[in-house]
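Peer 1: Dropping a prediction and its sequence here:
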Amino acid sequence: MKTVLMTAFEPFEGESINPSWEAVRSFDGKVIDGARVVARQLPVAYSRCGAVLTQALEALQPDRILCIGQAGGRSDISVERVAINIDDARIPDNEGQQPIDQPVVMDGPAAYFSTLPIKAIVAATREAGIPASVSQTAGTFTCNHVMYRLLHWLATHQSSARGGFIHIPYLPEQAVKHPGAPSMAAASVIQALEMAIRVTLKVDKDLHVAGGATH
């Protein structure tokens, strides 16, 4: 049975919840299209989030990895295209650290591209009636840090697993504390993430069928 690892973050910047974890924890232990889903919470801390992710990758050896994070101010499901090799924090993390212009991985490549089928995920999410788009920036906070660390791990381990990052908006109960900020209901976020899992699992099946048809 294939394994899908989903990660999300703890609350930060004074919030009592993080919508990413509120959504992702609902998937833990589920079986979707024949794959077992395992959820892990990551700290909003530059010094530890990559290590916690790496521990999960090494222990589970997952076939698919979807890392999810909060993007307050965004109005849709944002499927990230690229992670860059820079930590540049607008605010301190939950340990009070605020790196400026520091590399995620010393001497690592400038950037990595997601290996998820990002446009197929966006198309399927929109077809389900949920706003979604491809995002060209994962920022420079811990979300980008985790995405870069994930893709660096996959590249250096020559892994055939697929991985990437998805940002989600505030939940309504958060947005009421941020006048004018957009939000998305938890049920819609969960539906969108399930769609992302299904599309990501399906893509290799489609490639296999297409490849088989040419021989």
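Peer 2: Arrived safely, thanks for sending.
Peer 1: what's the spacing between Ile17 and Lys30?
Peer 2: Between Ile17 and Lys30 the computed distance is 21 Å (C-beta to C-beta, to the nearest Å). Bear in mind the C-beta positions are built from the backbone N, C-alpha and C, glycine included.
Peer 1: Equivalent analysis for Asp63, please.
Peer 2: Taken as C-beta to C-beta, the spacing of Asp63 relative to Lys30 amounts to 15 Å.
Peer 1: neighbour count winner among these two?
Peer 2: Looking at Asp63 and Lys30 with other C-beta atoms under 10 Å, you find the greater number of neighbours at Asp63, namely 20 against 15.
Peer 1: quick one, what contacts that one?
Peer 2: Shown in contact with Asp63 (C-beta atoms under 8 Å, 6 or more residues apart in numbering): 2-4, 35, 161-162.
Peer 1: Just say helix, strand or coil for Leu5.
Peer 2: strand (DSSP: H, G, I helix; E, B strand; the rest coil).
Peer 1: so what's it closest to, chain neighbours aside?
Peer 2: The shortest distance from Leu5 to any residue other than its chain neighbours is 3.9 Å, reached at Pro62 (C-beta to C-beta, 6 or more residues apart in numbering).
Peer 1: count of residues packed around the one you found?
Peer 2: For Pro62, which is what you asked about, the neighbour count (other C-beta under 10 Å) is 22.
Peer 1: Arg90 too?
Peer 2: For Arg90, using other C-beta under 10 Å, the count is 10.
Peer 1: can you check Ile91 too?
Peer 2: For Ile91, the tally of surrounding residues (other C-beta under 10 Å) stands at 10.
Peer 1: quick one: it and Gln98 touch, right?
Peer 2: Yes. Taking C-beta atoms under 8 Å as the contact criterion, Ile91 and Gln98 are neighbours in contact, 7.0 Å apart.
Peer 1: Extract the C-alpha set from stretch 181-188 and format it as CSV.
Peer 2: The C-alpha atoms that make up stretch 181-188 are tabulated as CSV, following Å, rounded to 0.1, in the frame of the first residue of the first chain:
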residue,chain,number,x,y,z
ALA,A,181,-9.1,39.3,5.1
PRO,A,182,-10.5,36.5,2.9
SER,A,183,-11.2,33.1,4.3
MET,A,184,-12.3,29.6,3.3
ALA,A,185,-14.5,27.1,5.2
ALA,A,186,-12.8,24.1,6.6
ALA,A,187,-15.0,21.7,4.6
SER,A,188,-13.9,23.3,1.3
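Peer 1: can you list the weak-confidence ranges in this protein?
Peer 2: For the chain, applying pLDDT under 70 flags the ranges 205-215.
Peer 1: run the last query once more with 50
Peer 2: By pLDDT under 50, the low-scoring segments of the chain are 207-215.
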